[in-house]
Every structure is written in C-alpha cells, then in structure tokens.
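Peer 1: no sequence on hand, only this structure:
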C-alpha cells in the first residue's frame, strides 16, 4: 500500500488536503469525516487503513477542517 498526501486547489483558491491509500484496486472508497473532525484523527486514520486492505481509499478534509 502506498499512502500519498495530496492537495487540491479549489476554483476560489482554497486548499483541500487529501490522503490517497493506493493499492491498485479497481474500486475506490472515499471517506468523508463529520463536523468538527478531520482526516488526521486517530479513529479516522484507522478506518482508512482498514478499508485500504481491500480497496484504494481517498480521505479528505472539508473546507475549514484539518
């Protein structure tokens, strides 16, 4: 599994940070956290790592989080 830390820039110049757990799987799961949370919390990382055993996973931070 390869974990890549990536950023995307929105049309109005806000940075969105995401992690891509890449296994070369044909299916991808996109994880979106809840309010007042971010992709780097302990449990959210564990969820991403669990799914990454069988799928490619993208987890990201919403605007204003993380």
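Peer 2: Cool, got the structure. Being a predicted model, the structure only gives us computed values, none of them experimental. Numbering: from 1, shown residues only.

Peer 1: beta partners of the residue positioned nearest the centre of the chain?
Peer 2: Taking C-alpha atoms, centre = their mean, the centroid of the chain lies closest to residue 59, which sits 1.3 Å from it. For residue 59, the beta-bridge partners are residue 19, residue 31 (DSSP bridges).

Peer 1: contacting residues for it?
Peer 2: For residue 59, the contact set (C-beta atoms under 8 Å, 6 or more residues apart in numbering) comprises 18-19, 21, 30-33, 39, 44-45, 48. From N, CA and C alone the C-beta is placed, and that goes for glycine too.

Peer 1: please repeat the previous calculation with a cut-off of 7 Å.
Peer 2: When contacts are counted by C-beta atoms under 7 Å, 6 or more residues apart in numbering, residue 59 touches 18-19, 31, 39, 44, 48.

Peer 1: now swap in residue 39 and tell me
Peer 2: Here residue 39 is in contact with 19, 33, 59-61, 66 (C-beta under 7 Å, 6+ apart).

Peer 1: just residue 21 next, same as before
Peer 2: By C-beta under 7 Å, 6+ apart, the neighbours of residue 21 are 1, 3, 48, 52, 56-57.

Peer 1: just the strands in the protein please.
Peer 2: Ranges of strands in the chain, per DSSP state E, are 2-9, 15-22, 28-32, 56-60.
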